[in-house]
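>>> what follows is a predicted protein model with its sequence.
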Amino acid sequence: MVVLSAFTLWSALVALEASASVTIRKTGRAPTGYEVDFRYVNTTAKRVIIGGGIQPFTDQFHTTGTSFRFNGRYDPRDYQPGDFYVSNPSPQLPAEPAYKWPYEMNSTDDGVWTYTAPLPSGIYSFAYLVNCNYAPNCSIDTGHLVVDPDLRPFMNVQGDQVASSFQVPFDAQFQASPELNTNFDYALDAPDPARNRGTVKTVNYTSPGSLHPAPDVHDFGLYLPAEYGRVPAKKYPLLYLSHGAGGNGADWENLGRMSHIVDNLIRLGHIPPTVVVTPSFYNLDAAGGKFVYGNKSANASVPVPTAQHVRENFEKYLFPWVEEHYDVCREATCRAFAGLSMGGVLTYEMFVNATDKFDYFGMFSPATNAPYIGAADVARNPGLLKKGIMVAYGLYDFVFPQARDLQTALDGLGIRYVNRVTPFGSHYWNTWQDELWWFGVKVLWKKTPSTVQTGRERKGE
């Protein structure tokens, strides 16, 4: 069982006194003003590279929206202001000397592996690839993919996540660019922890038929704002935030730092204190097979469940359980659903077929496909015209055509929405962080339906 294998691997690392660390240092010098030091101890490894999420860099002038083979793939040491990373299928290493992966660790005789690079503002997820050159071919249960043992990911049970993450601050002296704003400081820790930082945890709930993490038990990530529990009888707005294909409910926190973003949205007055639930849409029942992050061979045969199937299950089990156990709003006016990629498809499903349950919908990099709703659907369900909606995707996102097709369909029906095209965005977490942030700033809990003025109202109006 993969969970046991992952736990065994972690135990072995501890027994061998393996250790690792990531240190972010403010340097006050070019190229980024910050350096990141990786240190990993493994006395038997022959080669260690850093992969599993961390990417090389490019810029707007050497990247196309049609083929990521034609981007800069710059080493971070060659960073220039305005550079950003895009999610691209890196060559199966070694593909050298034509292309050399920049994140290669160096070792000493005592098995200490190190790597230092200047990195600009942003979220970085990573794992150590041990004697393995290409992350999709490296397995956690064989020891070829190692999650940082001292920077453990946010997850429900061992094996549910296969990468650690960290956030680098912005330095205006070295990173500011007239071409592009790549400041992601809204995902850093909010100041004044007692006042501004909510709590985040995983929760298991009763869901008959669920396969994971236990029979008839399913899971979600939960964010409670800092003031939760301090105001008697208060009911809080509720946002459901879905992962995408190949993910789970811990992704938004582990890979996207959702709690930090929401803390700062609340602190800066963009949204009121809000409860966030990040559910998992795999393993709801035996229909599609069991999906566990760390088990690559088994996951290959597990299909993405249909959006209709997920919606029906959530309506039957998840939504009532959350309402029963937490002080959350039960009206559509203070409930929202959003998601990335296939989670964007699920959001569209909720918009069309659970219209009366939510007044706000965030479709981030939506992997939707025709047929879309038509005039007859709007006539039967006029509530579709009254919602707060964001359609968002990256300029270098492979779902760009699909997202535009969705917009065309909504335009043809007179359904208004707010659009965000992330100018540095691919199908990756820097894009989805950006989209969650702007969803909170421009749409969430604002006046409905969305109009050309949505997100532009002056405070107090």
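Cool, got the structure.
>>> list the buried residues of stretch 316-334.
Applying a neighbour-count criterion of 16 or more other Cβ atoms under 10 Å, the buried positions in stretch 316-334 are Y317, L318, F319, W321, V322, Y326, D327, V328, C329, A332, C334. All C-beta spots, glycine's among them, are computed from the backbone N, C-alpha and C.
>>> please save the CA atoms from it in PDB.
C-alpha atoms of stretch 316-334 as PDB (Å, rounded to 0.1, in the frame of the first residue of the first chain):
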ATOM      1  CA  LYS A 316     -25.300  14.500  -0.800                       C
ATOM      2  CA  TYR A 317     -22.400  14.300   1.700                       C
ATOM      3  CA  LEU A 318     -19.900  17.100   1.800                       C
ATOM      4  CA  PHE A 319     -22.000  20.200   1.700                       C
ATOM      5  CA  PRO A 320     -24.400  19.000   4.500                       C
ATOM      6  CA  TRP A 321     -21.500  17.800   6.700                       C
ATOM      7  CA  VAL A 322     -19.700  21.200   6.500                       C
ATOM      8  CA  GLU A 323     -22.900  23.100   7.300                       C
ATOM      9  CA  GLU A 324     -23.600  20.800  10.300                       C
ATOM     10  CA  HIS A 325     -20.100  21.000  11.800                       C
ATOM     11  CA  TYR A 326     -19.000  24.600  11.200                       C
ATOM     12  CA  ASP A 327     -20.500  28.100  11.600                       C
ATOM     13  CA  VAL A 328     -20.900  28.800   7.900                       C
ATOM     14  CA  CYS A 329     -23.500  30.600   5.800                       C
ATOM     15  CA  ARG A 330     -26.300  28.500   4.300                       C
ATOM     16  CA  GLU A 331     -27.500  31.000   1.700                       C
ATOM     17  CA  ALA A 332     -26.300  31.300  -1.800                       C
ATOM     18  CA  THR A 333     -25.500  35.000  -1.300                       C
ATOM     19  CA  CYS A 334     -22.500  34.100   0.900                       C
END
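>>> list the contacts of it.
For stretch 316-334, contacts defined as Cβ atoms under 8 Å, 6 or more residues apart in numbering pick out 205-208, 218, 220, 222, 224, 228-229, 233-238, 275, 277, 279, 335, 356-359, 445.
>>> what do you get if the cut-off is 6 Å, keeping everything else the same?
205, 207, 235-238, 275, 277, 279, 335, 356-359 (Cβ atoms under 6 Å, 6 or more residues apart in numbering).
>>> about what we covered before: ok, so of the buried residues of stretch 316-334, who is nearest D78?
Nearest to D78 out of the buried residues of stretch 316-334 is L318 (Cβ to Cβ; 46.3 Å).
>>> for the stretch 1-150 of the chain, which segments count as helices?
Using DSSP state H, counting those that start in this stretch, the helices of the stretch 1-150 of the chain run over residues 2-15.
>>> tell me the mean pLDDT over stretch 228-244?
Across stretch 228-244, pLDDT averages out at 96.
>>> what's the span of that stretch, first residue to last?
28 Å (Cα to Cα, to the nearest Å).
>>> rewinding a little: in TSV: the buried residues of stretch 316-334, plus distance to S19.
Below are the buried residues of stretch 316-334 laid out as TSV (distance: Cβ to Cβ, whole Å):
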residue	distance to S19
Y317	41
L318	39
F319	43
W321	39
V322	39
Y326	38
D327	41
V328	41
C329	45
A332	50
C334	46
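>>> show me which of those residues is closest to P102.
Using Cβ to Cβ, L318 comes nearest to P102 of the buried residues of stretch 316-334, at 41.6 Å.
>>> distance check, that closest one against R230.
L318 is 26 Å from R230, where distance means Cβ to Cβ, to the nearest Å.
>>> now do S139
45 Å.
>>> the more surrounded of these two?
Counted by other Cβ atoms under 10 Å, S139 and R230 do not tie: S139 has more neighbours, with 18 against 9.
>>> hmm, back to that, mark which of the contacts of stretch 316-334 are buried, thanks.
Among the contacts of stretch 316-334, those classed as buried by 16+ other Cβ under 10 Å are Y205, S207, Y236, P237, L238, V275, V277, P279, R335, K357, F358, D359.
>>> quick one: which two of these are the most distant?
Top of the distance list for the buried ones among the contacts of stretch 316-334 (Cβ to Cβ): S207 and D359, 25.6 Å.
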